[in-house]
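Trainee: here's a sequence, model it:
(chains A and B)
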Protein chains: 2
Amino acid sequence: MQRQETIAAALPRKYPEQVVLVVTRGGDGRGNIMAVGWTGIASGDPLMFMLGIDEGAYTYELIRATRTFVVAFPSDQMGAAVLHAGAVHGRNRDKLAETGLATAPALRVAAPLLSDAVANFECELADIFQPGDCPLIFGRVLVAHVNTDPALQRLYTVGPGHAMAGVRVAGPIKTSQ
Amino acid sequence: MQRQETIAAALPRKYPEQVVLVVTRGGDGRGNIMAVGWTGIASGDPLMFMLGIDEGAYTYELIRATRTFVVAFPSDQMGAAVLHAGAVHGRNRDKLAETGLATAPALRVAAPLLSDAVANFECELADIFQPGDCPLIFGRVLVAHVNTDPALQRLYTVGPGHAMAGVRVAGPIKTSQ
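Mentor: Numbers count the residues shown, from 1 in each chain, chains lettered A, B, ... in the order given. I've put the predicted structure just below:
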């Protein structure tokens, strides 16, 4: 049964919610990283991701300037790094180095891959569209990479206050096949 | 460590992925329902959801015609209904009735709420934007409703072939607070 609730009080029923890391590289050669929860697939062929990234973010500035970036699915071992990436600004500090995350060169973009992520998607900026209070970045995937450990699982935001954890399937799986 | 992979082979590392039900009502009074996985938050204030809904879908036609709809978070008990909603077209059959899902009247829109969903969000069409191969519907939330059972959990697509199940937090929760 449903009861009416304020929008703010109802929204936490969305959890667990996916979270991605957006990796960029500035003109000074320094990598930068940002955690983004407002994300989803926006096109199948070509594959595109939507990313809600506010105009004040250094990542927004770097995506506009370089028109390329990496979308990484963090693993459930990376909760502390994702929290750090989401908590501080990267304009005047080396946030990526501070997280301690290992990186590897990408093939087509300047931004690095995250070695320990579940998967990395090299992207070019396809479009920016703002229907509400946040610019939405649409990234077209150029190249994909996966972790050599297939057992690695994604990280999710599992509750308010940026509570981060892994999740596992619970209960019976229904399938149409 | 990362290894390059085709985009199609890398994308399944996205699972578990959120899924929502989009509920509409046609001019004939009949409710309709569609499962959408290409979704995410697109604005905070006002709250907006992005929904990837292809032009051939009856739901797309009804959203264009009525400019209103409901976004419901299905519960992990609703896997079979979500599979049915995703598997058949609703133009010439009463798909919502076929799922057996109970409904309740909404406050501001013609489309019904799903009584057993985790939450329902009454929406009006804010914008349509197409950066790739699928129109993206942006819905502005007008009114929210939650299930009176706070223990009810969301359903996710947990693997290829529309495998649907609930998920539970696994492992330690990291938080910045």
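Trainee: which residue ranges of chain A form helices?
Mentor: A:7-10, A:58-66, A:79-87, A:95-99 (DSSP state H).
Trainee: okay, now the unreliable bits of chain A?
Mentor: A:177 (pLDDT under 70).
Trainee: tell me the contacts of the most centrally placed residue in it?
Mentor: Per C-alpha atoms, centre = their mean, the C-alpha nearest to the average position across chain A is that of A:Val20, at 1.9 Å. By C-beta atoms under 8 Å, 6 or more residues apart in numbering or on different chains, A:Val20 lies in contact with A:35-36, A:39, A:49, A:51, A:71-74. For glycine as for every other residue, the C-beta is placed from the backbone atoms N, C-alpha and C.
Trainee: kindly recompute the last result at 6 Å.
Mentor: The neighbours of A:Val20, taking C-beta atoms under 6 Å, 6 or more residues apart in numbering or on different chains as the test, are A:36, A:39, A:71.
Trainee: cool, A:Asp45 as well?
Mentor: B:Asp133.
Trainee: nearest residue to A:Phe73 other than its sequence neighbours?
Mentor: A:Val118 (4.3 Å; C-beta to C-beta, 6 or more residues apart in numbering or on different chains).
Trainee: can you show me the strands along chain A?
Mentor: A:2-5, A:17-18, A:20-25, A:31-36, A:39-44, A:47-52, A:68-73, A:103-104, A:113-114, A:119-129, A:136-147, A:155-159, A:163-174 (DSSP state E).
Trainee: nearest to B:Ala87, of those?
Mentor: strand A:163-174 (11.5 Å; C-beta to C-beta).
Trainee: what strands flank the closest one, and is each parallel or antiparallel?
Mentor: strand A:155-159 (antiparallel), strand B:163-174 (antiparallel) (DSSP bridges).
Trainee: now the ones you listed in CSV, with mean neighbour count and distance to A:Arg64?
Mentor: Output for the strands paired with strand A:163-174, formatted as CSV (neighbours: other C-beta atoms under 10 Å in any protein chain shown; distance: least, C-beta to C-beta, whole Å):
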stretch, mean neighbour count, distance to A:Arg64
strand A:155-159, 23, 26
strand B:163-174, 18, 31
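Trainee: out of those strands, nearest to A:Gly26?
Mentor: strand A:155-159 (25.2 Å).
Trainee: helix A:79-87 and the closest one, what's the angle between them?
Mentor: Going by axes from the mean of the first three to the mean of the last three C-alpha atoms, to 10 degrees, strand A:155-159 is angled at 70 degrees with respect to helix A:79-87.
Trainee: export strand A:155-159 to CSV, keeping only CA atoms.
Mentor: Extracted C-alpha coordinates of strand A:155-159, given in CSV (Å, rounded to 0.1, in the frame of the first residue of the first chain):
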residue,chain,number,x,y,z
LEU,A,155,30.4,-0.6,-5.6
TYR,A,156,27.1,1.0,-4.8
THR,A,157,25.8,3.9,-2.7
VAL,A,158,23.7,1.9,-0.3
GLY,A,159,22.2,4.6,1.8
